[in-house]
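> curious how this folds, go ahead:
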Amino acid sequence: MTSYNLGIDVGGTFTDLVCADEAGHIETEKVLSTSENQALGVLTGIDKLAIKYGVRSADLLGQIAVIVHGTTVATNTMLEYTGTHTGLITTAGFRDIIEIRRNYKEAATALSLIRTP
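Residues are numbered from 1 along each chain as shown. Next up is the predicted model:
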């Protein structure tokens with residue numbers, strides 16, 4: 001029985017998949033992401049990978065040894081300000097959390113250089 005390693009990256013526009021079998025044969029797939037249900041894009045990509053390997057989707061899924069999953073959806077939501085309204089309460093000494101949230105690398109670096117009593 002062949003085993004597979006599967007990598008998945010769900011992005012705001014595309015879901016990318018890469019799959020390798022134990023012989024080192026690699027297949028890739030790029031499908032549209034499905035914002036209403038991210039799993040649908042992943043499953044569509046797996047279906048297409050299964051076709052490339054000449055197996056049924058269920059068999060491919062049943063023989064996956066490792067899955068590595070990443071996503072930029074949360075990062076995109078923060079950058080585009082498209083998420084729900086939220087609040088943040090911190091304790092003393094954590095004022096840099098707001099700067100880190102804004103992803104201002106220069107500001108975060110500058111904060112690390114400030115010495116506070």
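
> quickly find the element holding residue 46.
helix 38-53 (DSSP states H and E).

> what's across from the one residue sitting closest to the centre of the chain in the sheet?
Nearest residue to the geometric centre of the chain (Cα atoms, centre = their mean): residue 71, 1.3 Å. On DSSP bridges, the residues paired with residue 71 through beta bridges are residue 10.

> so what pLDDT did residue 88 get?
As predicted, residue 88 sits at a pLDDT of 68.

> quick one: distance of the helix holding residue 46 to the chain centre.
Its chain's C-alpha centre and that of helix 38-53 lie 16 Å apart, by Cα atoms, centre = their mean, to the nearest Å.

> who touches the helix or strand following that helix?
Elements were assigned by DSSP H and E; along the chain past helix 38-53, the next helix or strand is helix 57-62. Residues from elsewhere that reach helix 57-62 (Cβ atoms under 8 Å, 6 or more residues apart in numbering): 4, 19, 43, 46, 47, 49, 50, 53. For every residue, glycine as well, the C-beta is placed using N, CA and C.

> residue 63 against residue 3, yeah?
Yes - using Cβ atoms under 8 Å, residue 63 is in contact with residue 3, at 5.4 Å.

> hang on, the earlier thing: hmm, residue 10 and the residue nearest to the centre of the chain touching each other?
Yes - shown here, residue 71 and residue 10 form a contact pair, counting by Cβ under 8 Å, at 4.4 Å.

> shared neighbours, the two?
With Cβ under 8 Å, 6+ apart as the test, residue 71 and residue 10 both reach residue 38.

> ranges for the helices of the chain?
The residue ranges that make up the helices of the chain, judged by DSSP state H, are 38-53, 57-62, 73-80, 96-101, 105-113.

> related to what we said a few turns ago, the helix holding residue 46 versus helix 73-80: what angle between them?
Using axes from the mean of the first three to the mean of the last three Cα atoms, to 10 degrees, the interaxial angle of helix 38-53 with respect to helix 73-80 works out to 130 degrees.
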